[in-house]
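In: What follows is a protein structure lacking sequence information:
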C-alpha cells in the first residue's frame with residue numbers, strides 16, 4: 001500500500017503527464033479544468049491536493065479514472081460497461 005506522500009507524488013506526476021500528452025501549458029490546462037492556474041500548479045507540483053469533487057472534475061474533464069490519477073491502477077480510462085454492471 002502506498003503512503004499518502006507517494007500517492008500525492010503519483011497524482012502530481014500523472015496529472016503532468018496528461019497535460020504534456022495533450023500538449024498544453026499549465027495555464028491552458030487550468031483553463032480546461034476551470035481552476036485558477038496557481039491552484040493547478042500546486043496540484044502538479046504536489047504542494048496541494050484536490051478535494052474529491054475537484055478530483056472527479058479533473059477525471060471527467062480528462063476522461064481518465066481517478067484511480068489512475070491516484071496510482072491505484074495503470075489503466076487510464078474507466079471501463080464504462082463494467083461500471084454500469086457494478
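Out: Looks like it came in fine. Computed from a prediction, not measured in an experiment: that's the story for all the values here. Residues are numbered from 1 along each chain as shown.
In: alpha carbons only for contacts and neighbour counts from here, please
Out: Will do.
In: what's the neighbour count on residue 36?
Out: A count of neighbours around residue 36, defined by other CA atoms under 10 Å, yields 12.
In: where's the nearest residue to it once chain neighbours are set aside relative to residue 4, distance?
Out: Among residues not flanking residue 36 along the chain, residue 30 sits closest, at 6.0 Å (CA to CA, 6 or more residues apart in numbering). Using CA to CA, to the nearest Å, we find residue 30 at a distance of 24 Å from residue 4.
In: hey, where'd the strands end up in the protein?
Out: In order along the chain, the chain carries no strands (DSSP state E).
In: what about the helices in it?
Out: For the chain, the helices defined by DSSP state H occupy 4-22, 26-33, 37-45, 52-62, 66-70, 80-85.
In: Highest mean neighbour count out of those?
Out: Of all the helices of the chain, helix 66-70 carries the top mean neighbour count, a mean of 20, counting by mean count of other CA atoms under 10 Å.
In: that older thread, contacts only, for the residue nearest to residue 36.
Out: Taking CA atoms under 8 Å, 6 or more residues apart in numbering as the criterion, residue 30 is in contact with 36-37, 40.
In: Who are the contact partners of the closest residue in space to residue 69 that isn't next to it in sequence?
Out: Once flanking residues are discounted, residue 69 sits nearest to residue 11: 5.0 Å by CA to CA, 6+ apart. By CA under 8 Å, 6+ apart, the residues touching residue 11 are 43-44, 46, 69-71.
In: how about those in CSV, adding pLDDT and distance to residue 77?
Out: Formatted as CSV, the contacts of residue 11 follow (pLDDT from 0 to 100; distance: CA to CA, whole Å):
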residue, pLDDT, distance to residue 77
43, 96, 20
44, 96, 20
46, 93, 22
69, 93, 10
70, 89, 13
71, 90, 13
